[in-house]
Every structure is written in structure tokens, then in C-alpha cells.
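Q: Starting from these lines, generate the structure:
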Amino acid sequence: MISSLTVPWLEFALLLCIAVLLPIIPAYVLYKTLPARTTISGPFKGLNIQLTGSFGGYFLVLIVVVGLISSRQQPARYEVWSVTGKVTLKNNDPRDKLLHKDFSVQPPTIILYPDGRFDLDVPVKRGQNDNLEFPVIVINHDGYLPQTIPLGDQQPTFGGKPYKIVSDDKAKKRIIDNQIELDPLPTGGSR
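A: Numbers count the residues shown, from 1 in each chain. Below you'll find the predicted structure:
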């Protein structure tokens with residue numbers, strides 16, 4: 001069984017073999033067909049090159065193939081994780097309900113239940129050394145102080161409340177274990 005981490009390396013090795021071996025075919029054809037007096041000259045990456053015969057043809061084909069391979073974009077390395085939690089409003093009016101616009105995660109994929117529970121999917125980027133880079137959730141409800149909840153290992157920002165986050169790596173899920181309480185603005189008004 002091939003792991004998902006070895007597939008890009010196998011793909012890279014295959015592309016490298018193709019990049020080196022494939023130009024040998026046209027080089028052989030060029031060797032048989034081009035006269036030895038064929039010349040290729042001009043600037044290349046700051047150097048002035050002068051090549052003759054089949055090697056010059058081989059060099060051009062190799063440059064084209066390498067250019068095609070290097071221009072190939074790497075696929076995005078994201079995983080989608082589910083985040084679950086519950087928000088309550090302190091000193092709230094029963095008519096004051098949380099809205100989808102109160103949460104911000106891009107792209108927005110959230111299910112908000114009437115009792116304040118929520119489920120949302122967040123894109124999690126794979127960074128250097130294959131480490132997961134979790135985003136931050138911001139809950140910003142009118143008349144209440146906003147809450148910033150880091151989903152990764154980062155500490156809350158200045159004045160932010162710490163939250164216990166339980167991680168289920170197999171299910172790709174993060175659960176905010178303690179309830180998120182939004183405090184009313186000091187003046188009690190809207191922003």
C-alpha cells in the first residue's frame with residue numbers, strides 16, 4: 001500500500017525520468033538528420049551559449065520539456081475539518097438570536113441550531129513539514145464583544161478567552177469543549 005505522502009514523490013520521479021529520457025529520442029533523430037554545421041547561439045539566463053549539431057537540438061528540446069514541467073502547479077494541500085461548539089449570549093433578550101453573519105470562516109459553511117450550537121467546516125492548510133495550520137474563528141454578534149477562537153495550537157490574542165479544544169484527528173474534527181459566552185458591550189449598544 002502506497003501512502004498519500006509517497007505519491008507526490010513517485011510522481012516527481014516519473015516526471016524526472018520523462019524529462020531526461022524523452023529528449024533522447026529527438027536528440028537521436030536530430031543527430032541523424034542535422035548536419036554537423038547547425039549552430040544555436042544566443043543569450044540564455046544571462047549566459048551567451050553557442051551549440052552545434054545534434055547537441056544544440058537536444059538542448060532546445062530539453063529546455064522546452066523542463067519549462068513545461070516546472071510550470072506545472074502544485075495542487076492545493078488543504079483538508080476539510082469539522083468544528084463543533086455552542087455559543088450563548090450573556091444578559092440577552094430572548095428575541096436576540098445568533099445569525100450566520102455573526103460567524104466568519106472562509107469559505108462559509110456553517111449550520112447554526114436555534115439553541116446556539118453550531119457545526120461548520122473549515123479548510124485546514126498543510127504547511128511546511130506537513131504540519132496542519134488551523135484557521136481562527138471569529139464570532140461577532142451585534143451588541144456583544146467579539147470572540148476570537150484559535151482552532152490550532154496558537155494562544156488566544158490579547159484579552160481573548162482560552163478555550164479547550166478536543167481534536168479527533170481520525171474523524172478530522174475539532175470540538176470546542178467549553179461553551180462560548182459572548183459578553184455584552186460595555187455600553188450595551190450596537191457597534
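Q: strands paired with the longest strand anywhere in the chain, and their directions?
A: Scanning the chain for the strand with the most residues, using DSSP state E, yields strand 78-89. Under the criterion DSSP bridges, strand 78-89 sits next to strand 117-126 (antiparallel), strand 173-176 (parallel), strand 180-182 (parallel) in its sheet.
Q: Ok, which of those comes nearest Ile165?
A: Closest approach to Ile165 among the strands paired with strand 78-89 (Cβ to Cβ): strand 173-176, 5.4 Å. The way it works is simple: take the backbone N, C-alpha and C, and place the C-beta from them, glycine included.
Q: C-alpha coordinates for the closest one, PDB please?
A: Taking Å, rounded to 0.1, in the frame of the first residue of the first chain, the C-alpha atoms of strand 173-176 are listed here in PDB:
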ATOM      1  CA  LYS A 173     -13.000  17.100  13.800                       C
ATOM      2  CA  ARG A 174     -12.300  19.800  16.400                       C
ATOM      3  CA  ILE A 175     -14.800  20.200  19.300                       C
ATOM      4  CA  ILE A 176     -14.800  23.400  21.300                       C
END
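Q: Pipe the strands paired with strand 78-89 into a markdown table and attach mean pLDDT per row.
A: Below are the strands paired with strand 78-89 laid out as a markdown table (pLDDT from 0 to 100):
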| stretch | mean pLDDT |
| --- | --- |
| strand 117-126 | 79 |
| strand 173-176 | 84 |
| strand 180-182 | 83 |
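Q: got those strands as TSV, with mean neighbour count and distance to His141 columns?
A: Below are the strands paired with strand 78-89 laid out as TSV (neighbours: other Cβ atoms under 10 Å; distance: least, Cβ to Cβ, whole Å):
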stretch	mean neighbour count	distance to His141
strand 117-126	17	12
strand 173-176	18	16
strand 180-182	17	6
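Q: So which residue is dead centre in this structure?
A: In the chain, the centroid-proximal residue (Cα atoms, centre = their mean) is Lys125; its distance is 3.9 Å.
Q: Mind listing the residues bridging to that residue?
A: For Lys125, the beta-bridge partners are Tyr78, Glu133 (DSSP bridges).
Q: gap between it and Phe134?
A: 9 Å (Cβ to Cβ, to the nearest Å).
Q: do the same with Asp119
A: 16 Å.
Q: got it, and Pro114?
A: According to Cβ to Cβ, Pro114 and Phe134 sit 27 Å apart.
Q: Which one of these two is surrounded by more residues?
A: For Pro114 versus Phe134, neighbours defined as other Cβ atoms under 10 Å are more numerous around Phe134 (20 against 7).
Q: residues contacting Val138?
A: Residues counted as contacts of Val138 (Cβ atoms under 8 Å, 6 or more residues apart in numbering) are Phe103, Ser104, Pro146, Gln147, Thr148, Ile149.
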